[in-house]
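*Asks:* Could you look at this predicted model? Sequence included:
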Amino acid sequence: MRAQAANSTGDRVADGGKLAAPFRSNGEGPRTLRAGFIPLVDASVLIAAAEFGFARKEGITLDLVKDVSWANVRDRLAFRQFDIAHMLSPMPVAAMLGLGSNPSPTITPFSLGRGGSAITLSTRLFERMSNEAGLSDHASALENSKALAQVVGTMKERGEQPPTLGMTYPFSSHNYEFRYWLAAGGIDPDRDVKLVVVPPPLTSDALAAGAIDGFCVGAPWNMVASSRGVGRIVAAKQDIWPSAPEKVIGMRPEWAESHPETVSRLIVALDAAARWCDRPENHDALAEALADQRYIAAPVEIIRHVLAGEFNLDAKGHRRVIDRYFSFHGGFANYPRPSQALWILSQMVRWGQTALSEQNMKMAASAYRSDLYRLALGNEASPGDADIRIEGDKDGDRFMDGHIFDPNKMADYVAGFAVQAKAAGSSSNDEI
């Protein structure tokens, strides 16, 4: 009954529930799209499009399938078990570069928003950082990283095992953001700590069991760990680079080419759902939908706090509020900007996952299909500036270490980091 009520509400939100005109006679009939997703709050736009009538209004039925790992999502899209998929922003870039154990060409015409990730360390490790480095309760992300570097140095001197840190996938925003945060404090992610892959829903349990000492993952799992008293949130995505793309809608390029009207209608539906998700007055209804066992299966109160950007940093009452912790639509958050794909490439090069070349730059940029976004929504829906632009050069949108990314000077950009892989191909992440 709850899903039916949600769809009824969604029909009222989506212009009274009036359906779009029938599909044209070009071989495309009414579409049921099988869509894979991982139980995270950043799947909100996709879930809202299905639950609140936005997809139905465009003549599309979304069959949402919850999966357990990003590798599964990648494989099931490649093997045509999914038509579209909730994906990590670097996954289409990696796919177009032929990286990973099962690369298959993948593009994205729509970003699902910005924000939502954070870095959490075990309370035991954080207490050691506080004692050794004299951290305040309001330490910045950079101060936390430097404190961890101090502890890691002590562990080396004493012959202790380095911290084991979990991230969700080798080609993930979490991997690159975790590495960026670690390196900004002087920690070599490949030599000073051990990075392992942990599926998002398992991160809090793994931290509680002592299998890992920290993780970088999307909401709500950081807040779940802090609420359980097993973790301390030490950095949010906004601290590292506010405009970094988080999740996207991935699809096979040949599928997009053979279903152009379906792709356009899907983008229109997702755009409407993103606008709805961005409005605070809708967050109670969204939180209730997300908390359902079919989706995130987490306490609704935690999801409400996450949507509001209200963090319990730990179980001791320390709190932080991040304005627009999630941007589902505002600030052109859904625009798949190719220069963001090129920044992802720069991090792949920095950490030895691939080499820098003109061909790789071309293939990376081709993963982010801003042309399909504009075709569906019109030029007025796009930011109006260049698709390839300098990133991190504006107040309110800077990288935590002060670097500025110029896609036209990528070799200099990568070379400018004090901490990076020694040679291409040296990254040591194991993929699950």
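*Replies:* Everything's here; your move.

*Asks:* most residues in a single helix of the chain, which one?
*Replies:* Criterion DSSP state H: the longest helix present in the chain is helix 260-278.

*Asks:* Would you mind identifying the next helix or strand past that one?
*Replies:* helix 283-291 (DSSP states H and E).

*Asks:* Please state the offset of the next helix or strand after that following helix from the chain centre?
*Replies:* Where DSSP H and E defines the elements, the next helix or strand beyond helix 283-291 is helix 300-307. Distance of helix 300-307 from its chain centroid, counting by Cα atoms, centre = their mean, to the nearest Å, is 18 Å.

*Asks:* Kindly report the same for stretch 254-261.
*Replies:* From the chain centre to the centre of stretch 254-261 is a distance of 25 Å (Cα atoms, centre = their mean).

*Asks:* ditto for stretch 142-149
*Replies:* 23 Å.

*Asks:* got it, and stretch 136-155?
*Replies:* Its chain's C-alpha centre and that of stretch 136-155 lie 24 Å apart, by Cα atoms, centre = their mean.

*Asks:* Equivalent analysis for stretch 164-179, please.
*Replies:* So, by Cα atoms, centre = their mean, the centroid of stretch 164-179 is 11 Å from its chain's centroid.

*Asks:* Rounded mean pLDDT for that stretch, please.
*Replies:* Stretch 164-179 carries an average pLDDT of 96.

*Asks:* List every C-alpha atom in it, with coordinates, as PDB.
*Replies:* What follows is stretch 164-179 as a C-alpha-only set of coordinates in PDB (Å, rounded to 0.1, in the frame of the first residue of the first chain):
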ATOM      1  CA  THR A 164      43.400  -1.500   6.800                       C
ATOM      2  CA  LEU A 165      41.000   0.900   5.100                       C
ATOM      3  CA  GLY A 166      38.000   0.000   3.000                       C
ATOM      4  CA  MET A 167      36.600   1.600  -0.100                       C
ATOM      5  CA  THR A 168      33.900   0.400  -2.400                       C
ATOM      6  CA  TYR A 169      35.700  -0.300  -5.800                       C
ATOM      7  CA  PRO A 170      39.000   0.400  -7.400                       C
ATOM      8  CA  PHE A 171      37.400   2.700 -10.000                       C
ATOM      9  CA  SER A 172      35.300   4.700  -7.600                       C
ATOM     10  CA  SER A 173      34.900   8.200  -6.400                       C
ATOM     11  CA  HIS A 174      35.600   6.800  -2.900                       C
ATOM     12  CA  ASN A 175      38.900   5.300  -3.900                       C
ATOM     13  CA  TYR A 176      40.100   8.500  -5.400                       C
ATOM     14  CA  GLU A 177      38.700  10.700  -2.700                       C
ATOM     15  CA  PHE A 178      40.200   8.500   0.100                       C
ATOM     16  CA  ARG A 179      43.500   8.600  -1.700                       C
END
